[in-house]
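> got a predicted structure plus its sequence, pasted below:
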Amino acid sequence: MDRSDQPIHPEDAASLLQWWSEAGVDCLVDEEPRNWLRPRTPGPEAPAAPPVAEPAKDELPPQLDLFRSWLADHQDLPFAAAQAPRVCPSGDPASGLMLLVDMPSDEDCVTGTLMSGETGRLLDAMLAAMGRSRETIYLASLSCFRTPGGLSGEAGNRCSTLARHHIGLVAPKALLLLGDACCKAMTGMAVMQARGRWHQIATHSGDIAALASFHPAFLLDRPAAKKHAWMDLQMVMEKLKT
């Protein structure tokens, strides 16, 4: 894990301490050891993951740099429209940690950056709690475009197919799925059903370990869920150590 030797800014430190406090962290260690990676047995009601729709080998760019350029320029992406803002992935694809959200927010479409504004500030605090930053993760979305109707129908299914190809090209050590829409697209389950255990996402380059957690926008509305999100982040941190 890359940690800077530069002193942390007081405002950043205050934001980080507030995140830990709201997440329920009041000590450096637990009194009892805990196996954060212990899988949770899924209940019989958990639905099966959606079938993998493998794209044709000659249909999508086979290299990450080419695929990212294709996302930035291709005119026939799902939900593309004339003059529609396009928000592309950012960060370091070689970092080992990939975060996936559903689509840009209205504010993201203005700034041109995924997870901006107040939601982005909370994400930054969450990453800082993990000892990371936007420069040491790879952030992407199912769709580069915002659609008020959500990622449904044939276009939504196409977004899921593109995301699997994208994940396979990045091949992260851990994939963090943020929010219900993203989690359902990749696992067939909502976050509350899927979180707390690792899932295997099938891609053309092999299975990728994925964990579901709450979208920062959800946490802003429901601060009590931050303690559960912190547990999810700790599972990711443990995964990245192995």
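Here it is on my side, so go on. Numbering: from 1, shown residues only.
> now do the strands in the protein.
Using DSSP state E, the strands found in the chain span residues 90-91, 97-101, 138-141, 174-178, 199-203, 206-213.
> tell me how many other residues crowd Leu219.
Leu219 sits with 23 neighbouring residues when counted by other Cβ atoms under 10 Å. Placement of C-beta: from N, CA and C, glycine included.
> neighbours around Ser105, how many?
With other Cβ under 10 Å as criterion, Ser105 counts 19.
> could you measure from it over to Leu139?
As defined by Cβ to Cβ, to the nearest Å, Ser105 lies at a distance of 13 Å from Leu139.
> any shared contact partners between these two?
Met115 (Cβ atoms under 8 Å, 6 or more residues apart in numbering).
> before we move on, back to that, so for Gln75, which of the strands of the chain sits nearest?
For Gln75, the closest of the strands of the chain is strand 138-141, at 18.2 Å, according to Cβ to Cβ.
> that closest one pairs with which strands?
Partners of strand 138-141 in the sheet, by DSSP bridges, are strand 90-91 (antiparallel), strand 97-101 (parallel).
> is it possible to get JSON lines of these that adds distance to Ala224 and mean neighbour count?
JSON lines is the format used below for the strands paired with strand 138-141 (distance: least, Cβ to Cβ, whole Å; neighbours: other Cβ atoms under 10 Å):
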{"stretch": "strand 90-91", "distance to Ala224": "29", "mean neighbour count": "18"}
{"stretch": "strand 97-101", "distance to Ala224": "22", "mean neighbour count": "25"}
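> nearest to Ser133, of these?
The minimum distance between Ser133 and the strands paired with strand 138-141 falls on strand 90-91, with 9.0 Å, by Cβ to Cβ.
> top helix in the protein by residue count?
Longest among the helix segments of the chain by residue count, using DSSP state H, is helix 153-170.
> pull out the buried positions in that helix.
If you call a residue buried by 16 or more other Cβ atoms under 10 Å, then helix 153-170 has these buried ones: 155-156, 158-170.
> so which of those residues is the closest to Pro93?
Using Cβ to Cβ as the measure, the one of those that approaches Pro93 most closely is Val170, at 4.8 Å.
> what residues are up against the closest residue to that closest one other than its chain neighbours?
Computed as Cβ to Cβ, 6 or more residues apart in numbering, the closest residue to Val170 that is not its neighbour in sequence is Pro93, at 4.8 Å. Contact analysis of Pro93 by Cβ under 8 Å, 6+ apart lists 64, 138, 170, 172.
> backbone torsions only: list them for the last one.
The phi and psi torsions at Pro172 (degrees, to the nearest 10) take the values phi -70, psi 160.
> residues touching it, list them.
Taking Cβ under 8 Å, 6+ apart, we find Pro172 in contact with 93, 95-98, 138, 208.
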